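S.K.: Model the structure of this input:
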Amino acid sequence: MRVWALPLALLALALCVTYSVARHQQTTTPVAPIRPALVNPEALAKRLASMQAGWPRSRNFDCAKLKCVALTFDDGPGEYTAPLLDLLHKRDVRATFFVIGQMVAADKDGRLTRRIVAEGHEIGNHSWSHPALATLSREEIERQLKRTDDLVEKLTGVRMRVMRPPYGSTDDRVVTELHREGLAQILWNVDTLDWLNRVPALVAKRAGAAKPGSIVLLHDIHRSTVEAVPAMLDTLEKKGYTFVTVSELYGRTPAPGRTYTER
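M.R.: Model (predicted):
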């Protein structure tokens, strides 16, 4: 009798547990299965762009072998930035935009600033209010850089890695602050003087004189500059040029505190 007592007790316990679980399942409201939400690829891409610093990554052009040119646009975003972005998108061209903090702050809902990042362009710091940085104190230089960096990062999730000093005004103190803020100093070797001569044909002609490895200075706050872009692209494309961002021109993110004018 003792031999069978333990197995019978275990069997009774198992039946009790099974009955209890079955009864509990019958009286509990069924839970609907979790289905993954449908994702709009374009919306996801834009969300990723705002979350990931440096996204989208370089397209890995080998500018040591290709004829590359980096088009750069200063002083925006402004009223002509959207038409410019439309043009660049249509031609599948990426550029680098050096933005002013006050202009970013005035950009409604950060729409243009976010669009620059979402469409694969590089975004860079051009100070908060466009002063000649070399005339400022160290503390003022720091504020000009950091305030713009922080606002762009808040809007886009991207921490800028390149910076262009307004008017090209720089010195050792500026470079020291750039290094501290994690920014490379990007100058240029082709000046279209689009701020002075607002004639599209003339702007396009000057940009068309770029050599392989050039960094071209332009301003997206002038309608005449945007009007010059199609002819500019046509001229350079006929010469076999590939349009890249500043970082793509060097094949890597430029080093903080270093100065770049061309490849």
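
S.K.: residues in contact with residue 193?
M.R.: When contacts are counted by Cβ atoms under 8 Å, 6 or more residues apart in numbering, residue 193 is found next to 203, 206. (C-beta placed from N, C-alpha, C; glycine too.)

S.K.: In which helix or strand does it reside?
M.R.: Mapping residue 193 onto the secondary structure by DSSP states H and E places it in no helix or strand at all.

S.K.: Phi, psi for it please.
M.R.: Backbone torsions of residue 193, given as degrees, to the nearest 10, read phi 50, psi 40.

S.K.: now the helices for the chain?
M.R.: Counting by DSSP state H, one finds helices in the chain at the ranges 2-27, 41-51, 81-91, 101-106, 111-118, 138-156, 172-181, 200-207, 223-238, 246-250.

S.K.: Averaging pLDDT over each of these, report the lowest-scoring one.
M.R.: Looking at those, the lowest mean pLDDT belongs to helix 2-27 (a mean of 42).

S.K.: For residue 238, the count of nearby residues, please.
M.R.: Summarising burial for residue 238: neighbours were counted as other Cβ atoms under 10 Å, giving 9.

S.K.: Return the distance of it relative to residue 144.
M.R.: Residue 238 sits 40 Å away from residue 144, going by Cβ to Cβ, to the nearest Å.

S.K.: Same question for residue 240.
M.R.: The spacing between residue 240 and residue 144, counted by Cβ to Cβ, is 39 Å.

S.K.: neighbour-wise, which of those two wins?
M.R.: Neighbours were counted for residue 240 and for residue 144 using other Cβ under 10 Å; residue 144 has more, 27 against 9.

S.K.: can you count the residues close to the closest residue to residue 87 other than its chain neighbours?
M.R.: When the adjacent residues along the chain are set aside, residue 87 lies closest to residue 229, with 5.3 Å between them (Cβ to Cβ, 6 or more residues apart in numbering). Residues lying near residue 229 (other Cβ under 10 Å) number 24.

S.K.: And for residue 239?
M.R.: Residue 239 is surrounded by 13 other residues when neighbours are defined as other Cβ under 10 Å.

S.K.: which non-adjacent residue is nearest it?
M.R.: Counting by Cβ to Cβ, 6+ apart, the residue nearest residue 239 is residue 67, at 7.1 Å.

S.K.: so how far is residue 261 from the one you found?
M.R.: In this structure, residue 67 and residue 261 are separated by 18 Å, where distance is defined by Cβ to Cβ.

S.K.: From what I see, residue 89 and residue 119 are in contact.
M.R.: Yes. With contacts defined as Cβ atoms under 8 Å, residue 89 counts as touching residue 119 at a distance of 5.9 Å.

S.K.: Settle it for me: which of the two has more neighbours?
M.R.: residue 119 (17 against 14).

S.K.: Next, the contact list for the more buried one, please.
M.R.: 85, 88, 89.

S.K.: what's the spacing between it and residue 146?
M.R.: The spacing between residue 119 and residue 146, counted by Cβ to Cβ, is 26 Å.

S.K.: Residue 59 now?
M.R.: The value you get for residue 59 to residue 146, if Cβ to Cβ is used, is 30 Å.

S.K.: With residue 103 instead?
M.R.: 17 Å.

S.K.: Among those two, which residue is more densely surrounded?
M.R.: In this view residue 103 and residue 146 are compared by other Cβ under 10 Å, and residue 103 has more residues nearby, 22 against 16.

S.K.: So the more buried one is in contact with residue 76, correct?
M.R.: Yes. Proximity of residue 103 to residue 76 meets the contact threshold set by Cβ under 8 Å, at 5.8 Å.

S.K.: neighbours around residue 168, how many?
M.R.: Residue crowding around residue 168 was assessed by other Cβ under 10 Å; the count is 15.

S.K.: Spit out the contact partners of it.
M.R.: Residue 168 makes contacts with residue 187, as judged by Cβ under 8 Å, 6+ apart.

S.K.: Right, I'll call it a day here.
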